[in-house]
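1. here are the coordinates; sequence isn't available:
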Ligand code: GLN
């Protein structure tokens with residue numbers, strides 16, 4: 001395997017990092033290291049320029065005001081779009097997920113997003129709070145999703161845009177679909193953190209960068225956690 005380090009970029013931890021979403025960074029780092037892959041992880045605050053040479057960019061959840069600030073700053077920076085055009089992968093959660101689209105609702109009005117995926121988010125009649133599970137879009141080859149959601153927004157995918165999953169419990173995008181899969185971008189409403197509860201998603205992101213499927217790891221503890229959380233919904 002390549003000796004070049006996989007570069008993980010945690011985008012704006014000072015604005016977007018609710019419910020332990022930093023765990024997604026730790027899981028990617030650990031799962032790469034356990035396979036002998038070199039990794040470099042960095043956090044980039046919102047007053048810094050976003051490096052464009054990252055391999056995987058991580059965005060977390062956030063309250064409305066930090067989300068609006070992050071959108072303004074990321075639009076002005078433009079680096080995330082250039083990194084994606086270069087082939088970088090993105091894993092975006094909740095507020096970070098909504099930011100990938102054309103527009104989102106926050107702080108009483110609709111704001112422009114990063115326009116990296118044809119989708120838009122508005123506000124639902126209720127807040128979606130609780131466990132969320134779903135069956136992943138089959139081509140991705142990932143087992144059932146599990147996590148928890150806490151958001152007021154609803155997300156509407158444009159024509160031809162694929163969801164990450166169909167909902168089996170909870171709300172996700174709109175009660176029917178959950179998240180988005182577009183090229184090497186994955187967006188989701190899942191916290192937990194998402195990659196701790198769904199390590200197969202972490203491996204999918206890493207395999208996109210490495211260019212090959214990764215050898216399996218002994219996943220006794222994540223399997224127990226997943227089993228318990230999914231069984232609790234039945
Ligand atoms: N502010 C957004 C919403 O409520 C995202 C919330 C979050 O990231 N938890 O829809």
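-> Arrived safely, thanks for sending. No experiment lies behind these values; they were computed from the predicted model shown. Numbering: from 1, shown residues only.
2. hey, where'd the helices end up in this structure?
-> Taking DSSP state H to define them, one finds helices in the chain at 23-33, 64-77, 79-86, 95-99, 194-197, 199-210, 220-231.
3. These: which one's closest to the ligand?
-> helix 95-99 (3.5 Å; Cβ to the nearest ligand atom). Where C-beta positions appear, they are placed from N, C-alpha and C, glycine not excepted.
4. Quick one: name the residues of this protein near the ligand.
-> Residues of the chain that fall close to the ligand, judged by Cβ under 6 Å from any ligand atom: 18, 61-64, 67, 94-95, 106, 150-153.
5. Contacts only, for the residue most central in space within the chain.
-> By Cα atoms, centre = their mean, the mean C-alpha position of the chain lies nearest to residue 92, the distance being 2.6 Å. By Cβ atoms under 8 Å, 6 or more residues apart in numbering, the contact set of residue 92 is 57, 58, 59, 99, 100, 185, 186, 187, 188.
6. Setting aside sequence neighbours, what's the nearest residue to it?
-> In space, residue 92 comes closest to residue 59 once its chain neighbours are excluded; the distance is 4.1 Å by Cβ to Cβ, 6 or more residues apart in numbering.
7. In JSON lines, list the helices of the chain along with mean neighbour count.
-> Compiled in JSON lines, these are given as follows (neighbours: other Cβ atoms under 10 Å):
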{"stretch": "helix 23-33", "mean neighbour count": "21"}
{"stretch": "helix 64-77", "mean neighbour count": "18"}
{"stretch": "helix 79-86", "mean neighbour count": "17"}
{"stretch": "helix 95-99", "mean neighbour count": "30"}
{"stretch": "helix 194-197", "mean neighbour count": "25"}
{"stretch": "helix 199-210", "mean neighbour count": "21"}
{"stretch": "helix 220-231", "mean neighbour count": "13"}
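8. Which among those is found nearest to residue 7?
-> helix 199-210 (8.9 Å; Cβ to Cβ).
9. Nothing else from me, thank you.
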